[in-house]
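Chemist: Need a 3D model of the following:
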Amino acid sequence: MASLTLRGVAKRFGAVTALDGFDLHVPDGTAMALLGASGCGKSTALRMLAGFEAPDAGRVEIDGEIVADGPVCRPPEARQLAMVFQSYALWPHRTALDNVAWPLRLRSRPEPEATARRALQRVGLADLAGRLPHQLSGGQQQRVALARALAGAPRAVLLDEPLSALDTQLRASLGQDVRRLCAEDGRTVVVVTHDLDEAFLLADAIALVDAGRVVEHGAPEELARRPRRDLTVRAFGPMSLLRGVRTGAGVALSGRLIPCHATDDAPTHGSVDVAIRPYGAQLSDDGLAGRVVSRASTSTGWNVDIDTDVGRLSLASRTPVAVGAATRVRIEASFALNPARGASQVR
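Modeler: This next block holds a predicted model:
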């Protein structure tokens, strides 16, 4: 297995800066997700690790060994890494078995067919070894691609948006299998995704990427609960933004002190944006006064929008409440952000 490192990597494509001083270290045996919006640079970073792109500046290391130093780099076949593409990249004229065995034959590995059969068995496709890709579902094709990656016993596995083309139930099932299989082998994994749920499902660490750099990284639960940067809060799912005031005692909404974690970007005094996730607030007999303006049913209850004197708040409730009803909302968890870095809902 292997640790993977990018040090000060820069890459431009014409006038577009894809990576700008990109630093990342993935310890041996870690599953790391690169999370960010389209165009942030995460896929370019993955291709740098794989050897499909050469950096303009900076270094790429595998287990401390330099495999790219600026534009001088080793080709992909010399890095002993495996990549699973978003498009699966299966040979359409080869069976599932041959798709897995063919790369082993090219590298003169012993018993390529037997190795390929064992790999297909691990992903639950032993009975479909003779089928061509067009005879397989999307999830089955992705399993063949994963079997091909693992069959070669790579030093690390790189996954490019591996679950994005699958439906919700299949994504969860396949994601659990990917995580389990890589963990059983002790594989280092780097997965690129723009989907927060996919990052939580596949990785035990997340690196948030923005504008060609890693903004913050850490365990998923730690980033969700105690983020250091405003961008991390905004990236971690839906939220309401209300205007509050930060004082020495904490953060106040409409004169009430509320539980609040301040990011490093938030001012120490004065106006702040207060970010509240749907489960960070509850209907209550005390708290902010408001009126229900809309509700929508979900599989677990209702999404409720409430107008308060400091703005509109969206929360998840297991208790039905009528539109137009007067109510109160208790804030149980929130984040203080810099109001200059995003629009607030204050009216």
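Chemist: And the pLDDT at residue 343?
Modeler: pLDDT, residue 343: 43.
Chemist: So that it lines up with my notes, have the first residue be 24 from now on.
Modeler: Fine by me, first position is 24 from now on; the one you just mentioned is residue 366.
Chemist: For the nearest residue to residue 227 once chain neighbours are set aside, what are phi and psi?
Modeler: With CB to CB, 6 or more residues apart in numbering as the criterion, residue 227 has its nearest non-adjacent residue at 5.1 Å, and that residue is residue 54. Any C-beta I mention is one placed from the backbone N, CA and C, and that applies to glycine too. Here is the backbone geometry of residue 54 (degrees, to the nearest 10): phi -100, psi 110.
Chemist: ok, residue 54 - contacts?
Modeler: 202, 205, 206, 211, 212, 214, 225, 226, 227, 228 (CB atoms under 8 Å, 6 or more residues apart in numbering).
Chemist: Mind doing that once more with 10 Å?
Modeler: 180, 182, 201-202, 205-206, 210-214, 222, 225-229 (CB atoms under 10 Å, 6 or more residues apart in numbering).
Chemist: Pull up the gap between it and residue 184, please.
Modeler: Residue 54 sits 15 Å away from residue 184, taking CB to CB, to the nearest Å as the criterion.
Chemist: now swap in residue 207 and tell me
Modeler: According to CB to CB, residue 207 and residue 184 sit 23 Å apart.
Chemist: Of those two, give the one with the bigger neighbour count.
Modeler: A count of neighbours by other CB atoms under 10 Å puts residue 184 above the other of residue 207 and residue 184, at 19 against 10.
Chemist: so that one touches residue 106, yeah?
Modeler: No. Residue 184 is beyond contact range of residue 106, at 11.8 Å (criterion: CB atoms under 10 Å).
Chemist: So for these two, which residues contact both of them?
Modeler: residue 69.
Chemist: Output the lowest mean pLDDT helix or strand found in this structure.
Modeler: Least confident helix or strand, the chain: helix 191-208 with a mean of 83, by mean pLDDT, DSSP states H and E.
Chemist: and the helix or strand following that one, which residues are buried?
Modeler: Scanning forward in sequence from helix 191-208 by DSSP states H and E, the next helix or strand is strand 211-216. Within strand 211-216, the residues that count as buried by 16 or more other CB atoms under 10 Å are 211, 212, 213, 214, 215, 216.
Chemist: now stretch 180-194
Modeler: Buried residues in stretch 180-194, counted by 16+ other CB under 10 Å: 180, 181, 182, 183, 184, 185, 186, 189, 193, 194.
Chemist: Torsion angles phi and psi at the fourth one?
Modeler: What that stands for is residue 183. When read as degrees, to the nearest 10, the backbone of residue 183 gives phi -110, psi 100.
Chemist: and it, what is it in contact with?
Modeler: Here residue 183 is in contact with 57, 65-66, 69-70, 73, 106-110, 112, 213-216 (criterion: CB under 10 Å, 6+ apart).
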